[in-house]
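[1] pasting the structure only:
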């Protein structure tokens, strides 16, 4: 059993096998996940765990070079968007971010290494993590 870091075995294994340029998606409770796309269900109840809490834990273990969010997030969930940017600034790596439409974000899910569904209930609170390399 891990003493620290990611304690969830599936999540820990996902991070261990992620390679440069692969993507992992952190999703809210409502994001439709395409059939056949690997998923890890973490949601316990509305808001638990929050996506930003899961993101902070993952950023402590995974090299991420960029994140992608839906452009609608800034308009529909501005406080959450600001907290996301704060979380990225506190990450061990320098992480850039970009925005695409929510429809484009959903269309990219089938290419993800996995989707991690959280208990997040904030509108448009989904993040694509673009894995980096540790050298």
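    Here it is on my side, so go on. This one's a predicted model, so the numbers in the text were calculated from it and none came from an experiment.
[2] what's the nearest residue to the spatially most central residue of the chain if we skip its chain neighbours?
    The residue lying closest to the centre of the chain (Cα atoms, centre = their mean) is residue 26, at 2.7 Å. In space, and not counting its chain neighbours, residue 26 is closest to residue 127: 4.7 Å by Cβ to Cβ, 6 or more residues apart in numbering. From N, CA and C alone the C-beta is placed, and that goes for glycine too.
[3] Does residue 97 touch residue 88 like I think?
    Yes: between residue 97 and residue 88 there is a contact at 6.3 Å, judged by Cβ atoms under 8 Å.
[4] The helix or strand harbouring the residue nearest to the centre of the chain pairs with which strands, and in what direction?
    Residue 26 belongs to strand 23-27 when elements are defined using DSSP states H and E. Sheet partners assigned to strand 23-27 using DSSP bridges are listed as strand 114-117 (parallel), strand 127-131 (antiparallel).
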